[in-house]
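Peer 1: Below: sequence and its predicted model.
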Amino acid sequence: MPGESPQHGEDRTPPPGARSDRRRTARRARARRRRNAALGLAGLLAAVTGTLYLVHGAGGGQAAARSGTGSGPSGEPAAAGQGASAAPSARGGNHAGTGTDGTLTLAFAGDVHFTGRTAGRLTVDPALGPMSAQLAAADFSMVNLESAITTRGTPQAKIYHFRTSPAALTALHDSGVDAVTMANNHAVDYGPQGLADSVAAKHASPIPVIGIGANQAEAYRPYTETVHGVRLAVLAASQVYDITNSDFRAGPATPGIASALDRPRLLAAVRAAKAHADVVVVYLHWGIEGESCPVADQKSIAADLSAAGATAVVGTHAHVMLGSGMLGPTYVAYGFGNFLWYGSSPYPHSDDTGVTTITVTRAGKVTGARFTPGTVGGDGVPKPQTGAAAAGITDRYGQLRRCSGLTAPPGG
């Protein structure tokens, strides 16, 4: 990220059974504890920022039990060496959720680090702080983990290097996050040995890790699950032109990240996912650092992904927020900005952040989107905002749509 940018098939949801039920019950209990811990703050935030939503979604309603259980990394059952997850049914019902049957809420936030000023967050619950409540409230939530997961390896020939331990994945799970992408320009900061450790951490992770794998098939493979009767597939890839995309792109028999620079392969993966899923999300690492307007490559691939069947195309990398809205039937968010952030960024409003929640139907239609504003504090932790501060962030975020070529989402 900093200083680096120039410019499976079938869901393997287990049948109902005692072990599956125990897993769901335990995870829901953890989610309830997280929500209860943040209840007072979340209630105040909801009351004050309700009028500040960029768009009001149609899929609120009462919290409801999930109608399906999560799969492990999906696709055809992985053959030996394809890197199948060591944690089947990794989600297993992390959230009670806010959607109703046939409606799904999806929450997204930006770049996360557990290094520098945020390294100590690994021992704090929830690691992501009070905005965890916004992630835990959705049926599915996702962030970008901007680090290698290793204590070994050799720093690569680049300016910035980030790494953390496998505990980061547990910390994110316990903060209400349901999946992470590692398809970014810091996933292989510590070379082949660090990459091997990251892939091993993925296979032992309590939550799905997408966009990286032991080979090409695994790196591009979507995570799928069925929630409230809606079949969801999520993919991730990096469009950043850098050493990671050049030297550590996953190959037929070699580990690495999924690359959006191989556009035909990514589009093929999206079309395959759309063939069996109602809702397809693509989380990209893209754009130019410090640029709050999307560049041509972003707009071009967003259009191609929409044509391939993506319901939503979202992403990070620029350290600042970019505009969001509709591209035909597809919701596009060109940049979520920093979220749990290790240090400072030299760009205007780089501490503006938030959680974006969209509502989608079984038909793959986006019926609404809302933005909960926050600010990255001096400790690197995102803090929800109220009053004038919230209004200012929300207004700036809304104005970013002007250079995006997108239209307002339903209700906006």
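Peer 2: All right, it came through fine.

Peer 1: Tally up the residues packed near Asp189, please.
Peer 2: Residues near Asp189, counting by other CB atoms under 10 Å, number 26. Where you see a C-beta, it was placed from the backbone N, CA and C, and this is true even at glycine.

Peer 1: Which residue, neighbours along the chain excluded, lies closest to it?
Peer 2: Excluding its sequence neighbours, the residue lying closest to Asp189 (CB to CB, 6 or more residues apart in numbering) is His161, at 4.3 Å.

Peer 1: residues in contact with that neighbour?
Peer 2: Listed by CB atoms under 8 Å, 6 or more residues apart in numbering, the contact set of His161 reads 155, 186, 189-190.

Peer 1: Of these, just say which sits nearest to Asn245.
Peer 2: Nearest to Asn245 out of the contacts of His161 is His186 (CB to CB; 11.6 Å).

Peer 1: returning to what we had before: for the contacts of His161, I'd like a selection string for ChimeraX - just the buried members, please.
Peer 2: The following ChimeraX line selects those of the contacts of His161 that are buried, judged by 16 or more other CB atoms under 10 Å:
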select :186,189,190
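
Peer 1: And the contacts of His161, which is closest to Pro410?
Peer 2: Of the contacts of His161, the one sitting nearest to Pro410 (CB to CB) turns out to be His186, at 35.1 Å.

Peer 1: Now do the SS call for the residue nearest to Asp189.
Peer 2: Per DSSP: H, G, I helix; E, B strand; the rest coil, the secondary structure class of His161 is coil.

Peer 1: Tell me how far it lies from Val234.
Peer 2: 27 Å (CB to CB, to the nearest Å).

Peer 1: How about Asp189?
Peer 2: Taking CB to CB, one finds Asp189 at 24 Å from Val234.

Peer 1: Tell me the pLDDT of Asp101.
Peer 2: Note on Asp101: pLDDT of 82.

Peer 1: So what's the residue count around it?
Peer 2: Residue neighbour count, defined by other CB under 10 Å, stands at 13 for Asp101.

Peer 1: what's the answer for the one 3 residues further on, then?
Peer 2: The local packing of Leu104 (other CB under 10 Å) involves 28 other residues.

Peer 1: Show me the shaky parts of the stretch 301-412 of the chain.
Peer 2: For the stretch 301-412 of the chain, the stretches flagged by pLDDT under 70 are 412.

Peer 1: So which residues of it form strands?
Peer 2: Secondary structure of the stretch 301-412 of the chain (DSSP state E, counting those that start in this stretch): strands at 312-316, 324-327, 330-333, 338-340, 352-361, 366-376, 382-384.

Peer 1: In JSON lines: those, plus distance to His173 and mean neighbour count.
Peer 2: Shown next, in JSON lines, are these (distance: least, CB to CB, whole Å; neighbours: other CB atoms under 10 Å):
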{"stretch": "strand 312-316", "distance to His173": "20", "mean neighbour count": "28"}
{"stretch": "strand 324-327", "distance to His173": "26", "mean neighbour count": "22"}
{"stretch": "strand 330-333", "distance to His173": "23", "mean neighbour count": "26"}
{"stretch": "strand 338-340", "distance to His173": "14", "mean neighbour count": "29"}
{"stretch": "strand 352-361", "distance to His173": "17", "mean neighbour count": "26"}
{"stretch": "strand 366-376", "distance to His173": "21", "mean neighbour count": "24"}
{"stretch": "strand 382-384", "distance to His173": "17", "mean neighbour count": "24"}
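
Peer 1: Which one of those strands lies nearest to Ile149?
Peer 2: Of all the strands of the stretch 301-412 of the chain, strand 338-340 comes closest under CB to CB, at 15.3 Å.

Peer 1: what does the closest one rub up against?
Peer 2: Counting by CB under 8 Å, 6+ apart, 109-114, 118, 121, 127-129, 131, 143, 319, 345, 350-351, 353, 376, 380-382 sit against strand 338-340.

Peer 1: Show me where the stretch 101-250 of the chain dips below the pLDDT cut-off.
Peer 2: In the stretch 101-250 of the chain, no residues with pLDDT under 70.

Peer 1: Now do the helices in it.
Peer 2: 132-136, 167-174, 191-203, 216-219, 243-247 (DSSP state H, counting those that start in this stretch).

Peer 1: Following the last one in sequence, what is the next regular element?
Peer 2: Pointing back at helix 243-247 there. strand 256-257 (DSSP states H and E).
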